[in-house]
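**Q** Sharing a sequence plus its predicted fold:
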Amino acid sequence: MNPHPLDEATILQTLRQVIDPELGCNIVDLGLVYNVAILGTKVSVVMTLTTPGCPMHESIRWGVNNALLNLEGVDDAEVEVVWDPPWHPSMMTEFGRNATGVGSF
């Protein structure tokens, strides 16, 4: 039995280990994760990046997929990168704004 149920909070906590190397902050606090869906042992994440031309696109996507697959109870993961709605700094958490030096909105 899994001592930690697979829920959105657990998934988001796990995704906090994925860091955008250009901004030095995790993707959750940057506001890049738009949706998390859990269906049995499959987790699907819909996310974006700060810019469509982000050179770390595949690296960050791979990091999300890898983090999910290393989470107990996850057997399959899907990561979809979308560009709509476009990311804006106002999507960041207070922690993300403080970590990157972006002012409040």
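**A** Thanks, I have it. Numbering: from 1, shown residues only.
**Q** What segments of the chain are strands?
**A** 19-20, 25-26, 33-39, 42-47, 76-81 (DSSP state E).
**Q** what about Leu69, neighbour count?
**A** Leu69 has 12 neighbouring residues, counting by other Cβ atoms under 10 Å. Glycine gets a C-beta too; all of them are placed from N, C-alpha and C.
**Q** Tell me which residues touch Asp20, please.
**A** When contacts are counted by Cβ atoms under 8 Å, 6 or more residues apart in numbering, Asp20 touches Asn26, Ile27, Leu30, Leu32, Leu49, Thr50, Met56, Ile60.
**Q** Look up the residues forming beta bridges with the residue nearest to Arg16 when sequence neighbours are not counted.
**A** Spatial nearest neighbour of Arg16, chain neighbours left out: Asn26 (4.4 Å); criterion: Cβ to Cβ, 6 or more residues apart in numbering. Beta-bridge partners for Asn26, by DSSP bridges, are Ile19.
**Q** wait, isn't Asn26 in contact with Gln17?
**A** Yes: Asn26 lies in contact with Gln17 (Cβ atoms under 8 Å); the separation is 6.9 Å.
**Q** how near is Ile19 to Lys42?
**A** Using Cβ to Cβ, to the nearest Å, we find Ile19 at a distance of 25 Å from Lys42.
**Q** can you list the weak-confidence ranges in this structure?
**A** Applying pLDDT under 70 to the chain picks out residues 1-4, 104-105.
**Q** buried sites along stretch 22-42?
**A** Within stretch 22-42, the residues scored as buried using 16 or more other Cβ atoms under 10 Å are 23, 25-34, 36, 38.
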